[in-house]
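S.K.: return a 3D structure for these sequence lines:
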Amino acid sequence: MICHNSIGFDTQIKGLLTKSAFNMNEKEIDIWMKYKYDPNHMFCFWQDDKITSCLQVSKKNMMFLDQQIRVSVIGMAATLPDYRQRKQFSSLLDAVVSQATYNDLFTIAYTNMPKLFEVKSFQHISNTKEYWIGAPLCKSGNPFHIVRKKDNLYPLYFQFMQYFDGSILLNEDEFNNLIQYHERLGKFIITMVNDEKQPKGFAIYSTKEGQAHVETLIYFDSQAIQDLLTYLSYKHDVTSILISENERFDKLFPLHFPRTDKKLMVRLNNYKLFDKFSSTNVRNAKAAYELLEKPTWNHFQ
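M.R.: Reported below is the predicted structural model:
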């Protein structure tokens, strides 16, 4: 049986994640439960009188063709080890898609298992790229242009997002909640500034075994990137940076070849509703995204 919410079953969901989410420790699961868990949109598969699989969906606003639409975003998914290989995730995804068809124009997912989504009519729109840069190549910036996180980063984020379309746009409450989530996880948040101490962007990164991993990078010029890398190079041997497919890091590091990370998969849920919204005649997500004149950026959700 599939239930479209987990209201009243928080303890079961936490227990399921503890047994299934091997990439998360107990503290990380507690923090996720506090900041990202939404029982109203947690799809659950019930078997043997317990929840054996779950799939979290969040409802977000997306800017598309410079208009605001609502989309479903696939998030946390987990299945108890003894119940895997039974197509429970597939059944949950069917339920998500069925509900979204009547409510949201798109359903989107970042995944490194695109085939699971392709069979549900999701299409590959873009890739996330990851650059790995050694400290000796990160000496052309000014480390004194890096300061601790400013109190209010949302204006920087909002300004940055005006350069993109086909992208999630968080409101200020959603943004601040996500910032708190990363802070509770022990990640570092720093701001890049110019000589006049005016912000030029910010970055969220974690550290492990002499490496810095920049997971979110908001910036307004390439010098801000150089300043960030120089700052990180003094304490870390290598810095990795996750960026979108359209960001041209090859201009800064022409001899580096990025790794392909997760893929952005998108499903157009109801083409008739999309036709009314856009006054076009498209039939799938790829055709919809070809209408955009700006690049997409969906790396902070």
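S.K.: where do the helices of the chain begin and end?
M.R.: For the chain, the helices defined by DSSP state H occupy 10-20, 26-35, 88-101, 115-118, 154-161, 172-184, 222-233, 271-278, 285-289.
S.K.: identify whichever of those lies nearest to residue 132.
M.R.: Closest to residue 132 of those, according to Cβ to Cβ: helix 222-233, at 11.7 Å. Yep, even glycine has a C-beta here, placed from its N, CA and C like the rest.
S.K.: against which helices or strands is that closest one packed?
M.R.: With contacts taken as 3 or more Cβ pairs under 8 Å, 6 or more residues apart in numbering; DSSP states H and E, helix 222-233 sits against strand 146-148, strand 188-193, strand 199-208, strand 211-219, strand 238-244.
S.K.: one more time with 6 Å
M.R.: When contacts are defined as 3 or more Cβ pairs under 6 Å, 6 or more residues apart in numbering; DSSP states H and E, helix 222-233 sits against strand 188-193, strand 199-208.
S.K.: strand partners of the last one, parallel vs antiparallel please.
M.R.: Okay, so that is strand 199-208. The strands beside strand 199-208 in its sheet (DSSP bridges) come out as strand 188-193 (antiparallel), strand 211-219 (antiparallel).
S.K.: export the shortest one as CSV, just CAs?
M.R.: Yep, that's strand 188-193 we're talking about. Extracted in CSV, the C-alpha atoms of strand 188-193 (Å, rounded to 0.1, in the frame of the first residue of the first chain):
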residue,chain,number,x,y,z
PHE,A,188,31.5,26.6,6.2
ILE,A,189,29.8,29.7,4.7
ILE,A,190,32.0,32.5,3.6
THR,A,191,31.5,35.7,1.6
MET,A,192,33.8,37.1,-1.2
VAL,A,193,34.1,40.9,-1.1
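S.K.: residues making contact with it?
M.R.: The contact list for strand 188-193 (Cβ atoms under 6 Å, 6 or more residues apart in numbering) reads 145-147, 149-150, 199-205, 224, 227-228.
S.K.: who wins for neighbours among the residues you listed?
M.R.: The most crowded member of the contacts of strand 188-193, judged by other Cβ atoms under 10 Å, is residue 228 (29 neighbours).
S.K.: tally of neighbours for residue 68?
M.R.: Counted with other Cβ under 10 Å, the neighbours of residue 68 add up to 9.
S.K.: leaving out chain neighbours, which residue sits closest to it?
M.R.: Excluding the flanking residues, the one nearest residue 68 by Cβ to Cβ, 6 or more residues apart in numbering is residue 61, at 5.3 Å.
S.K.: I'd say the one you found and residue 67 touch.
M.R.: No - assessed by Cβ atoms under 6 Å, residue 61 is found out of contact with residue 67, at 10.3 Å.
S.K.: the more surrounded of these two?
M.R.: residue 61 (14 against 10).
S.K.: how close does the more buried one get to residue 155?
M.R.: Computed as Cβ to Cβ, to the nearest Å, the residue 61 to residue 155 distance reads 18 Å.
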